[in-house]
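# Here's a sequence, model it:
(chains A, B, C and D)
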Number of protein chains: 4
Amino acid sequence: MIIVLKPYATAEQISHVIQRVESLGLKAHVSRGTYRTIIGVIGDEAKLQAAPLRAIPGVADVIPVLPPYKLASIEAQREPTVVDVCGVKIGDGHLAMIAGPCAVEGADRMDSIAAAVRAAGANILRGGAFKPRTSPYAYQGMGEEGLKILRDTGDKHGMPVVTEVMDPRRVELVEQYADMIQIGARNMQNFVLLTEVGQTRKPVLLKRGMSATIEDLLMSAEYILSQGNPNVVLCERGVKSFDKATRNLFDVAAVPCIRALSHLPIIVDPSHATGRPDLIPACALAGVAAGADGVHIEVHDCPEKALSDGPQALLPRQYAELAEKIRAIANLLGKEISERSVAAALA
Amino acid sequence: MIIVLKPYATAEQISHVIQRVESLGLKAHVSRGTYRTIIGVIGDEAKLQAAPLRAIPGVADVIPVLPPYKLASIEAQREPTVVDVCGVKIGDGHLAMIAGPCAVEGADRMDSIAAAVRAAGANILRGGAFKPRTSPYAYQGMGEEGLKILRDTGDKHGMPVVTEVMDPRRVELVEQYADMIQIGARNMQNFVLLTEVGQTRKPVLLKRGMSATIEDLLMSAEYILSQGNPNVVLCERGVKSFDKATRNLFDVAAVPCIRALSHLPIIVDPSHATGRPDLIPACALAGVAAGADGVHIEVHDCPEKALSDGPQALLPRQYAELAEKIRAIANLLGKEISERSVAAALA
Amino acid sequence: MIIVLKPYATAEQISHVIQRVESLGLKAHVSRGTYRTIIGVIGDEAKLQAAPLRAIPGVADVIPVLPPYKLASIEAQREPTVVDVCGVKIGDGHLAMIAGPCAVEGADRMDSIAAAVRAAGANILRGGAFKPRTSPYAYQGMGEEGLKILRDTGDKHGMPVVTEVMDPRRVELVEQYADMIQIGARNMQNFVLLTEVGQTRKPVLLKRGMSATIEDLLMSAEYILSQGNPNVVLCERGVKSFDKATRNLFDVAAVPCIRALSHLPIIVDPSHATGRPDLIPACALAGVAAGADGVHIEVHDCPEKALSDGPQALLPRQYAELAEKIRAIANLLGKEISERSVAAALA
Amino acid sequence: MIIVLKPYATAEQISHVIQRVESLGLKAHVSRGTYRTIIGVIGDEAKLQAAPLRAIPGVADVIPVLPPYKLASIEAQREPTVVDVCGVKIGDGHLAMIAGPCAVEGADRMDSIAAAVRAAGANILRGGAFKPRTSPYAYQGMGEEGLKILRDTGDKHGMPVVTEVMDPRRVELVEQYADMIQIGARNMQNFVLLTEVGQTRKPVLLKRGMSATIEDLLMSAEYILSQGNPNVVLCERGVKSFDKATRNLFDVAAVPCIRALSHLPIIVDPSHATGRPDLIPACALAGVAAGADGVHIEVHDCPEKALSDGPQALLPRQYAELAEKIRAIANLLGKEISERSVAAALA
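The predicted structure is shown next:
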């Protein structure tokens, strides 16, 4: 922690700051510059986070030198985390190919989409049973019935399944059906929900909030990790921007940026990032080329009749074409796409 | 709803769109322009929201002509809503003066702060018992004990109290103690929580999310209203920006903008909007001058020892100075600051 | 300047950094913390700006402790600058009321608008002769003919005039006609143009760029000041945002924020900030309440026939109503609106 | 153009709008909906741009159905433009590999860097002689001397050269030395400069402004094209964002998005987009995978001594490693990297 004092801080103010630092059992190392005094704090920086030093008169700025997340940081663990979703590995060279419709709409549709994405090479099946919708009048999902359909479809096609949970009271329910639990972008800072999924041991797909910084995302991962659940997969899905040409702005640089800060796997979701099927393939390939550990794509066999987010879904044949290109770039970069082993599928 | 077709849309595509519109019982009014064809949809636009027209080949854009919120819209109710918080009115010329510490930290501190802000002219007391913190290691609030202290302090000083709820499982608990329930910025799109508070009849202070558009905010209000709770007060508290000079960017234009779209009261929170005590007074006055129905300000009598957000709190004497100026501008604009009547206080 | 080293910086890397600092005649003050080493640089920080310390292996971050602008900073001059535009004072309690059409469109229209805004209390007349338009096909202004009309109209009504310059080759021409030169938002970082107007002694109205930080704005002011022209008035006119409810996002907090950093006057332009006449009055009052040194507003007597930016202009009677409210708030805050003295007008 | 009227627009207002449309020789096609009336305008939409319909009472919104740029649009030209920079082709399968230092600093350094990037596979050499710097005190470039060095170095190594121009008075000078003229991000809306380079026939590298929408970028290209210069190459180099983890936010989706709107080549500049050498390789590969027509990268052989932007430059060996990967992905996508032919080099 570095405390920068104001240009005209008084000697009294400076000694008050030093006293506060020392009262916490830390050492203050004072540099009196030509224009300003700065105080380097030596010791366990975490002790200081609770102390609002910035509120002390004479203090201009307080600059942490350690990231506020610990378990999520690369300093805590040098080797990349590999998350295992019922036999499908994500991270450290293993690419997740998550695909499926936005919402589970019925058993037949789910089956036909699952068959198509499985044939194209997807290794995890997605589908929403509880949908976060900005309008209270929009389709809210099939609920538990949808979870059952998803589970059955995944089992039939030998694919682990991922689905979103929005309500802390339903984490237990969702856990019974899903192999991986998704926290959506709008709930990335729903700390109650993060704490709840942190208490399970299920893999968690944590989507970046639409205006969350990379640090915010890692702090939300920290909530889950600090509850004892180490199986967190991060997901970049676009952030807010001034340009309405795309729904969100796909922050592909988040992939190498997170790689440098954390050991957790990071995948990309070009469907939500762009909101436009014609841009999804290019952005999916960009994500893989940038080193992402997986690609999350919405696929629907009749987008114009989809009950949710139809306009951003790829058709099965578009997905198949894209998956082939993804594999080519993945090969080039020495990555592999693991599949659920038969043994795991039968377990 | 206006459907704009792509420049080279085929006759077949156009008739497919018309058919979809008509199959929903609506009328399609086709204008064939020099370069493009557009289709005006006549009838109940709401029917179309579920139909992902944008996914139909040949469709370039779908432009709604009605706002997606209904109950919150000025079309639904021309006269401004006045929310009554135990005798303190908010809206239509009545200014809320909400003040208090970020977190309830103990009975003595709460009492001294409440006495000070009451003397300065505040009419509603705030204090957090459950705190949303980006770090799992930061102070999380006193919980129910904090609710009790807040309630007792409010009663002692004759002030209604407002506090935040984060967990849908605790809405009932918070409702027992608080006169007004706050939904924080990070939970503005926590639809589960919005639905839950919508089922109470308590006044709700709904804070704008950090990257929520004004339409998003009104849609979140719609969630509460559509559950039957008409007592919603909106709060502008700064949005994300590229400039780190202030914590957030205080969007003062949101006040007249919301006034033109909705009948709901809109207040401002310059504490969170700026994160800097030296900027709070100017922004509070700006908000009132722009027509806000209230001002929410954090006050602490020893910011450097505050357990949460100390650096952005005003000191009691700073608040008193500011309150005087707020009253002067409010007077100029013909607004009044209502207080809890003795009868209401005793009730 | 504070140099923060990476967690695993080697002793060799650290001594290389120290050597670089000392080679520039500065002193390095090393604090070895528990997790990281930081180096405080003592001496003239400016020397270091040219040295890309961040490129040295082992360096994590370089944090300046002084602002990069000097002449514009409050440290350079404690008393507020008052800019005198031919007798109309701006700053330190003097409010500029700048009004007029977006573009000069002809002598008659200019005359009628000037008469109206003068009667309403405006003290500086604006009008564009060279218009920056995003489209090459849009109206580009009357050129020198427009400058003449503006000059004559200002003289007739006893108002100093301000107009934009876009081309460094035309600064001399514009200087002959105008009392104040405007640098538009899109040219805020046109350093060639800033340097050119810095070589005149005319007051400059420097508009903030649409994505310029406050520091960027002050750096652009520094360009002008460093050429010897001290007469700079800053102008907040909205920044880019994710919400398209308003054209730009009016950053009213920029007013007190700049006040804390610089001695230069800062005015607001709610016309460009909002792009919506119905929001202009509220935002203008907000700006004055926040402490702005002036208000810049576009006024047109037939907006639907305006050749440029008609939809954002106030009608003369709307301006007159607003001006009255501005005066009331200005009075409350102890500000005055100076007018060109007769002597100055005749000079 | 679609004109949407306000919900309570009067019959009189509606007929006033129709009259305005018809007075311009266009046809108004009226759809009276359940809640609102909309008017489709049939005829040459361009005539309407000058008419500020939005300022007419009763008008809620005016929605163009054609893009405001014409020459730059894909409607104007279906086949992709290939820009030829002295034998190096850019666009339609031809990848530009532009590399070199931020600023030309001297003949020896320029020579060693050029030799290195040429060996690694770069086909165009960059180097700034006039530098746009946010600080008036920062290094401003070598001027004409720098142009000479760049020219000589390019000739020696058989590479066409690109350099930035900032001042319209120097376009003629820069044209004498450079094979391609760069317009920097800060000058993307310097319409005077755009007009000036539009009057040459030199290829122009037009960088996207930091807060320019894709439409803004295409409008700036339109300025150049409309002056008669068809040789425009667009460049995505990062936009402003709320997250300071990277200098700017690299908008990789701009590549396929522009491809869908325009026939002009679009390249990426990960150096400026990220400002961090450790992120440049991943973002460069992402850009190529997304379909970019080239990659612009800053390379310096001693970044810590660079006079400008050293911290964001790659070392020559880092560039060589990256170039190899770029070629691999380019091959996969069927792209080729053309080189200046000997004939062209000698011409």
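# correct me, but A:Asn231 touches A:Val204?
Yes. With contact defined as C-beta atoms under 8 Å, A:Asn231 counts as touching A:Val204 (6.2 Å). Every C-beta, even on glycine, is put in place using the N, C-alpha and C of the backbone.
# quick one: the lengthiest helix in chain A to helix D:316-332, angle?
When chain A is scanned for its longest helix (criterion: DSSP state H), the result is helix A:316-332. Interaxial angle, helix A:316-332 versus helix D:316-332 (axes from the mean of the first three to the mean of the last three C-alpha atoms, to 10 degrees): 140 degrees.
# Tell me how many other residues crowd the closest residue to A:Ala129 other than its chain neighbours.
Nearest residue to A:Ala129, sequence neighbours excluded (C-beta to C-beta, 6 or more residues apart in numbering or on different chains): A:Gly146, at 3.1 Å. Counted with other C-beta atoms under 10 Å in any protein chain shown, residues neighbouring A:Gly146 total 23.
# and A:Gly146, that one's in a strand?
No. In this structure, A:Gly146 is helix, not part of a strand, as judged by DSSP: H, G, I helix; E, B strand; the rest coil.
# who touches it in this structure?
Listed by C-beta atoms under 8 Å, 6 or more residues apart in numbering or on different chains, the contact partners of A:Gly146 are A:103-104, A:127-130, A:163.
# touching chain B at all, stretch A:166-175?
Yes. Using C-beta under 8 Å from any C-beta of the partner chain, a contact is recorded between stretch A:166-175 and chain B, made by A:166-169.
# Of those residues, select the buried ones using a PyMOL command.
A single PyMOL command selects the buried members of the residues of stretch A:166-175 next to chain B (16 or more other C-beta atoms under 10 Å in any protein chain shown):
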select buried, chain A and resi 166+167+168
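# you'd agree A:Val288 is up against D:Ala289?
Yes. Counting by C-beta under 8 Å, A:Val288 touches D:Ala289, with 7.0 Å between them.
# what residues are shared contacts of these two?
Common neighbours of A:Val288 and D:Ala289 (criterion: C-beta under 8 Å, 6+ apart): A:Ile329.
# For the stretch 51-200 of chain A, what lies in contact range of chain B?
For the stretch 51-200 of chain A, the contact set with chain B under C-beta under 8 Å from any C-beta comprises A:51-56, A:68-69, A:132-139, A:166-169, A:186-187, A:189-192, A:195.
# Among those, name the ones in strands.
Secondary structure assignment by DSSP state E places none of those in strands.
# Going along the chain, name the helices of chain A.
Under DSSP H, chain A gives helices at A:11-23, A:46-49, A:107-120, A:144-157, A:171-177, A:191-198, A:214-226, A:254-261, A:270-274, A:280-289, A:316-332, A:342-346.
# could the ones you listed go into CSV alongside mean pLDDT?
CSV is the format used below for the helices of chain A (pLDDT from 0 to 100):
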stretch, mean pLDDT
helix A:11-23, 90
helix A:46-49, 71
helix A:107-120, 97
helix A:144-157, 97
helix A:171-177, 97
helix A:191-198, 97
helix A:214-226, 97
helix A:254-261, 97
helix A:270-274, 95
helix A:280-289, 98
helix A:316-332, 97
helix A:342-346, 52
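# from the contacts of A:Gly146, which is closest to B:Phe242?
Among the contacts of A:Gly146, A:Gly128 lies closest to B:Phe242 (C-beta to C-beta), at 32.5 Å.
# Quick check: chain neighbours aside, which residue is closest to that closest one?
Using C-beta to C-beta, 6+ apart, the nearest residue to A:Gly128 is A:Ala103, at 4.5 Å.
# For that neighbour, give me its contacts.
A:127-129, A:131, A:139, A:141-142, A:146, A:306-309.
# Now do the residue nearest to A:Ala129 against chain B, distance only.
For A:Gly146, the distance to chain B equals 16 Å [C-beta to the nearest C-beta, to the nearest Å].
# separation between that residue and chain D?
Remark: distance between A:Gly146 and chain D (C-beta to the nearest C-beta) = 31 Å.
# Might one say that A:Ile56 is in contact with A:Arg20?
Yes. Here A:Ile56 reaches A:Arg20: they are 6.7 Å apart, a contact under C-beta under 8 Å.
# Spell out which residues are contacts of both of those two.
With C-beta under 8 Å, 6+ apart as the test, A:Ile56 and A:Arg20 both reach B:Glu304.
# check contacts around the residue in the stretch 51-200 of chain A that chain D sits nearest to.
Nearest residue of the stretch 51-200 of chain A to chain D (C-beta to the nearest C-beta) works out as A:Pro67 at 11.1 Å. Counting by C-beta under 8 Å, 6+ apart, A:Pro67 touches A:73, A:75, A:215, A:218, A:261.
# where are the low-confidence patches of the stretch 1-150 of chain A?
Counting by pLDDT under 70, the stretch 1-150 of chain A contains low-confidence ranges at A:49-51.
# Chain D contacts on the stretch 201-347 of chain A?
Within the stretch 201-347 of chain A, the positions adjacent to chain D are A:211, A:213-215, A:239-246, A:249-257, A:260, A:273-274, A:278-279, A:281-283, A:285-291, A:328-329, A:332 by C-beta under 8 Å from any C-beta.
# among these, which ones are buried?
Burial by neighbour count, judged by 16+ other C-beta under 10 Å, picks out A:211, A:213-215, A:239-243, A:245-246, A:249-257, A:273-274, A:279, A:281-283, A:285-291, A:329, A:332 from these.
# Those residues also near chain C: which ones?
Within those, those near chain C by C-beta under 8 Å from any C-beta are A:211, A:240-242.
# can you put those in JSON lines and add pLDDT?
Converted to JSON lines, these look like this (pLDDT from 0 to 100):
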{"residue": "A:Ser211", "pLDDT": "93"}
{"residue": "A:Lys240", "pLDDT": "93"}
{"residue": "A:Ser241", "pLDDT": "92"}
{"residue": "A:Phe242", "pLDDT": "91"}
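# Pull out whichever of these are also neighbours of chain B.
A:211, A:240.
# quick check, nearest of the ones next to chain C among the buried ones among the residues of the stretch 201-347 of chain A next to chain D to B:Asp44?
Within those, the smallest distance to B:Asp44 is 31.3 Å, found for A:Lys240 (C-beta to C-beta).
# Please name the nearest non-neighbouring residue to that closest one.
Among residues not flanking A:Lys240 along the chain, C:Phe242 sits closest, at 4.1 Å (C-beta to C-beta, 6+ apart).
# Over to A:Ala46?
Spatial nearest neighbour of A:Ala46, excluding adjacent residues (C-beta to C-beta, 6+ apart): B:Tyr137 at 6.8 Å.
# Roughly how far does that neighbour sit from D:Ala282?
Look at B:Tyr137 and D:Ala282: by C-beta to C-beta, to the nearest Å, they are 31 Å apart.
# same deal with A:Glu164?
For A:Glu164 relative to D:Ala282 (C-beta to C-beta), the value is 28 Å.
# do A:Ala253 as well
7 Å.
# Which residues of the stretch 1-150 of chain A lie near chain C?
Residues of the stretch 1-150 of chain A lying close to chain C (C-beta under 8 Å from any C-beta) are A:2, A:4, A:7, A:29, A:31-36, A:38, A:40-45, A:63, A:65-66, A:75.
# Just the buried residues out of these, in ChimeraX syntax.
The ChimeraX command for the buried members of those (criterion: 16+ other C-beta under 10 Å) is given here:
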select /A:2,4,29,31,33,36,38,40,41,42,43,45,65,66,75
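# returning to that earlier point: between the contacts of A:Gly146, which sits nearest B:Gln13?
A:Ala103 (25.8 Å).
# follow-up on the earlier one: okay, now the residue nearest to A:Ala46: neighbour count?
Residues near B:Tyr137, counting by other C-beta under 10 Å, number 16.
# So what sits opposite the residue nearest the centre of chain A in the bridge?
Centroid-nearest residue in chain A, with C-alpha atoms, centre = their mean: A:Leu234, separated by 2.7 Å. Beta-bridge pairing of A:Leu234 under DSSP bridges involves A:Leu206, A:Ile266.
# can you pull the contacts of it?
Per C-beta under 8 Å, 6+ apart, neighbours of A:Leu234: A:206, A:208, A:217-218, A:221, A:258, A:262, A:264-267.
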